[in-house]
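no sequence for this one, just the structure:
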């Protein structure tokens, strides 16, 4: 199938829902909303023409570990070259390091296209972005000069090395050691697992960011430092020197993203340099965690969009049964149940996209808004939306990919269909970059408490404002949507009040409802953004008016209508399982 | 991981929820509820000791097509021999053909164990069961004598051949031809796809049931006849004769159930015999469709149970983070979010199991109840519950398998974990034996109309009776559950009234809510059965009292509490997508 950049939906979500236009001005002197369409169209060509054709072949072949290290599937090397030469890596990077200084939100939109066309490929620049951000924020001047220009140009790629076998969600349990060499560098030794694109042949160097412990560092998360460890040492004049003592010693065999090598990395006295302060490695990681999590959310959107497009294409081609007004066997698109599934898919993809873009715009504004008050408000919004963007969008990606399989019937279970691959690929996103359970704990444990609850209170106030505006149109369709939005806002409010109290008074009880709370928040906020979309589309008209009215109307009558009934699952669900244990869980 | 037969839960569901005891008596002279435990324990040994150890090796190796036909993965041949020698194939078959004449419900319970231990393996006897049923009901006396004893003993296996490339859900579009040979036999020619265990080396003969068209047969579904086509021709004395002209010419490469060969079958002038009347093939298929669909529902339960057990085991072993009362890193079972996920999994597995068993008991009673009135009532119940048992349980299987992956974190994405395999295996069940969309259409289009709506009306009355009984206990926990059950029954009632009217007045509108209606019905009926379970467990006591109270309480506060909010998705969801088309679905 031909992946098509959903430029229309993306521009609409960026401008009419997420308000990216507000970023024009001093913060981004190079940015103008007129740029959005040409950037997305150009990136869309690379996605459709270069990356999409490699998606299924890359899945079938997979990345291979050879005596010379990891080899990417056929065609990936050239595709990566085209990606780097197109300047896509530096879209949002600072101009002083060779970037174009555009909003990250725009770069995220481009990344959604690459993920949609080829999620395995998209992971490589996603990890480079994280490495760039770590070095921009915390690298020494020498390290920044040494690594950033080549990372930003895409000539080199980057990785993040956190996980060890005993240290997954609990990063503080890691054991990799870093011993000072006496010359300002460190000798890093240990094994890291699940390292995405940890080794490959698409670039001449790979810059690893590695969490490790200094000698005598405190135990747990307060004794972790961050190091930059290049695959090939870089001389002071920027030329490449000796190979460093770091290698990929194994590739994981995974359900999906076969073309993306998931490496076991061996650091064996590798030469590395401290990034940021000693024992402050986790804090350094946290500064880039928001954007990494948001990027994974976009991955869910990308794979969901691809699943939608594949299913829609199949529904137009596959003929089964009869339908009114069609001679002979009818395309299954004519069957009401198939239309329902496609609508569910698209409404959820669009809602997740809106949440992710709104989160991105907030993140950009938190750095560039004119005054501190606006920056602080934007920061709160970014903090609030990040775990929702990550978890809700990636759960959505899995669900939508599964619905795409279902529309394909028996064909969807065959590995040769893209739908099947997307079902396998999508499953990783709720797991990495902080499992969705961790996102839910972050939301209720940290984000709801920020600024005395202001982040969520402001959000709910906006949802209610949307309901009011929809009601004031006096259009019966919109008034109906308004009622659903308002009731959903009340439900989220009620759940929030309970959650904030529970997290203070009985933390376990609060945590017992965390995931259900995040799900509800995502539904309500997603429905709010779709409704804002209808309000905007009534003015702009065109095809988006019909589309947004249908998507928002459907979402209001399904997900939003269910919202009030979901409060008790949050507030009372835990009663069942917090006390019972062996009787509840045992098997005999 | 070690799959453990969940004997306790199954006995409870069979006796205390589904009321299998009511089948004792004249209809099943050999049956006594005292038999249930030893049968399940014995079958559980085969499942745990023989089938489960082959599950992951079978997945890794897969079935292979060789010059001599299909070869099952290593160990499967011996396992099948043990299965046949144990007499498991004939548990519910008529005594006159060598079976034990026990209720099908008990045989279904045994099949759940085999599916849970090894879904690929379980498919082989499941297809044999369908072939046995077809021949018992519709075969000529000669054919029954020829094939049934060896099928019932498990020495031979059976298959069902419906699908062709252009004829999936629309079986009426099939093109395979059957031409009379003049000697009472027919020459069958055509290609069939997706034939489960269509060829293999575990038995010396395979009896294919094949849908085909006679010369000059009417077009569409009214011109289809059913034929029995043995892989090896059988002489009149029962000895094996010549190979018949039927072979597997290809195996599908699938997401999951790798050990189960999914065959492209070539019938090339194969000798076959008519089963039932000419052009009545679909009617013959329909008589066995209910039980085949119910069996697939049990597959969802089996794979869901396996996913639950694997996740629970992992949650006990995997240590991450801290928990109150635990020194050092705590097993993740101590984390509230993990407990919530496990509870969700188990509650849904138990609800689906109860629906499937209740459907089975109704199916058995429809044949053996004392008077025609009882048989008719049971038949209505079977008809009503069959599409729900199939669709709701298999959707549940996919969802629960995905939750099992999530509990495993990164490990869950690795093919080496059973959780990953279950996620891949589970995905087929919502597709075959009538997609879940087809089940929903069957429910709203045919089953709701039966006996002027009596089937669902009686069901809802029972749900309300359950609510009353729960309320009358005056136990606050049960009164709370009663309120949820009663509100959910009202929601189902409201949706049913709307649906029945819509299917008469505006069929497309009715169909637009079909899947959402089936989902709601499954939730409400599942919650009803869990609540019946609590009521029974209060009397029986023991570990099931705590377990059922927790599971029913959780389900009531989540799925049942959401039920009222889901009516509008059924009644109004279609407004969005029945009219809009290009504007709603187009991509640019």
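Yep, it's here. Computed from a predicted structure; not experimentally measured.

Quick check: the gap between the closest residue to residue A:436 other than its chain neighbours and residue B:565.
The spatially closest residue to residue A:436, leaving aside those adjacent along the chain, is residue A:391, at 3.9 Å (C-beta to C-beta, 6 or more residues apart in numbering or on different chains). Backbone N, C-alpha and C define where each C-beta goes, glycine included. From residue A:391 over to residue B:565 the distance is 22 Å, taken as C-beta to C-beta, to the nearest Å.

Which residue ranges of the stretch 151-300 of chain A form helices?
For the stretch 151-300 of chain A, the helices defined by DSSP state H, counting those that start in this stretch cover A:281-317.

tell me which parts of it are close to chain B?
Residues of the stretch 151-300 of chain A lying close to chain B (C-beta under 8 Å from any C-beta of the partner chain) are A:163, A:166, A:168-170, A:173, A:193-194, A:252-256.

Kindly recompute the last result at 6 Å.
A:168-170, A:194, A:252-255 (C-beta under 6 Å from any C-beta of the partner chain).

Widest-spaced pair of the residues you listed?
A:170 and A:253 (24.7 Å; C-beta to C-beta).

out of those two, which sits in the more crowded spot?
residue A:170 (18 against 14; other C-beta atoms under 10 Å in any protein chain shown).

List the contacts of the more buried one.
Each residue near residue A:170 by C-beta atoms under 6 Å, 6 or more residues apart in numbering or on different chains is listed here: B:320-321.

and residue A:552, how many neighbours does it have?
Counted with other C-beta under 10 Å, residue A:552 comes out at 31.

Angles on the backbone of it, please.
Per-residue torsions, residue A:552: phi -70, psi -40 (degrees, to the nearest 10).

And the pLDDT for the closest residue to it other than its chain neighbours?
Once flanking residues are discounted, residue A:552 sits nearest to residue A:530: 4.0 Å by C-beta to C-beta, 6+ apart. Residue A:530 is assigned 98 on the pLDDT scale.

Likewise for residue A:1?
At residue A:1, pLDDT is 61.

Counting neighbours, go ahead and name the busier of residue A:391 and residue B:565.
Taking other C-beta under 10 Å, residue A:391 and residue B:565 do not tie; residue A:391 has more neighbours (30 against 23).

what residues are up against that one?
Residue A:391 touches A:436, A:439, A:518, counting by C-beta under 6 Å, 6+ apart.

tell me the contacts of residue A:230?
A:205, A:207, A:244.

ok, how many other residues are close to the closest residue to residue A:110 other than its chain neighbours?
Leaving aside its sequence neighbours, residue A:110 sits nearest to residue A:43 (C-beta to C-beta, 6+ apart; 4.4 Å). A total of 26 residues lie near residue A:43 under the criterion other C-beta under 10 Å.

that's a strand at residue A:43, yeah?
No: counting by DSSP: H, G, I helix; E, B strand; the rest coil, residue A:43 falls outside a strand, being helix.

how much space is there between it and residue A:86?
Distance, residue A:43 to residue A:86, using C-beta to C-beta: 8 Å.

now swap in residue A:197 and tell me
For residue A:197, the distance to residue A:86 - C-beta to C-beta - is 19 Å.

Same question for residue A:318.
36 Å.

In terms of packing, which of those two has more residues around it?
Comparing residue A:318 with residue A:86 by other C-beta under 10 Å, the one with more neighbours is residue A:318, at 20 against 16.

tell me the contacts of the more buried one?
residue A:332.

ditto for residue A:123
By C-beta under 6 Å, 6+ apart, the neighbours of residue A:123 are A:196, A:260.

can you give me the helices for the stretch 301-450 of chain A?
Taking DSSP H, counting those that start in this stretch as the criterion, the stretch 301-450 of chain A carries its helices at A:336-368, A:372-407, A:418-426, A:436-442.

mind putting these in TSV, distance to residue B:481 included?
Formatted as TSV, these follow (distance: least, C-beta to C-beta, whole Å):
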stretch	distance to residue B:481
helix A:336-368	30
helix A:372-407	28
helix A:418-426	35
helix A:436-442	26
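
Single out the most deeply packed of those.
Ranked by mean neighbour count, the helices of the stretch 301-450 of chain A are led by helix A:418-426 with a mean of 28 (mean count of other C-beta atoms under 10 Å in any protein chain shown).

which residues make contact with it from outside it?
A:1, A:59, A:119, A:255-257, A:303, A:306-307, A:310, A:397-398, A:401-402, A:404-405, A:408, A:412, B:255.

quick one on the thing from earlier: of all the helices of the stretch 301-450 of chain A, which lies closest to residue B:110?
That would be helix A:372-407 among those, by C-beta to C-beta, at 29.0 Å.

Off-centre distance for that closest one?
Averaged C-alpha coordinates place helix A:372-407 at 7 Å from its chain's average position (C-alpha atoms, centre = their mean, to the nearest Å).

Residues of the stretch 351-500 of chain A that sit close to chain B?
A:409-410, A:413-415, A:420, A:428, A:431, A:435, A:437.

Can you tell me which one of these sits lowest on pLDDT?
residue A:415 (92).

check contacts around that residue.
residue B:253.

From residue A:526, how far out is the residue nearest to residue A:436?
12 Å.

what does residue A:359 give?
In terms of C-beta to C-beta, residue A:359 sits 12 Å off from residue A:526.

Please apply the same query to residue A:58.
With C-beta to C-beta as the criterion, residue A:58 and residue A:526 are 31 Å apart.

Next: residue A:176.
39 Å.

The two - which one has more neighbours?
For residue A:176 versus residue A:526, neighbours defined as other C-beta under 10 Å are more numerous around residue A:526 (26 against 21).

which secondary structure element contains that one?
Assigned by DSSP states H and E, residue A:526 belongs to helix A:514-540.

ditto for residue A:137
helix A:119-138.

How far does that helix sit from its chain's centre?
That offset, for helix A:119-138, works out to 12 Å (C-alpha atoms, centre = their mean).

Report the angle between that helix and helix A:372-407.
Angle, helix A:119-138 to helix A:372-407, by axes from the mean of the first three to the mean of the last three C-alpha atoms, to 10 degrees: 170 degrees.

list the buried ones in helix A:119-138?
Buried residues in helix A:119-138, counted by 16 or more other C-beta atoms under 10 Å in any protein chain shown: A:119-136, A:138.

Stretch A:233-245 now?
Judged by neighbour count using 16+ other C-beta under 10 Å, the buried positions of stretch A:233-245 are A:233-234, A:244-245.

could I get these as TSV with pLDDT?
TSV is the format used below for the buried residues of stretch A:233-245 (pLDDT from 0 to 100):
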residue	pLDDT
A:233	98
A:234	97
A:244	97
A:245	93
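
near chain B, which residues of the stretch 1-150 of chain A show up?
Residues of the stretch 1-150 of chain A lying close to chain B by C-beta under 6 Å from any C-beta are A:4, A:6, A:8.
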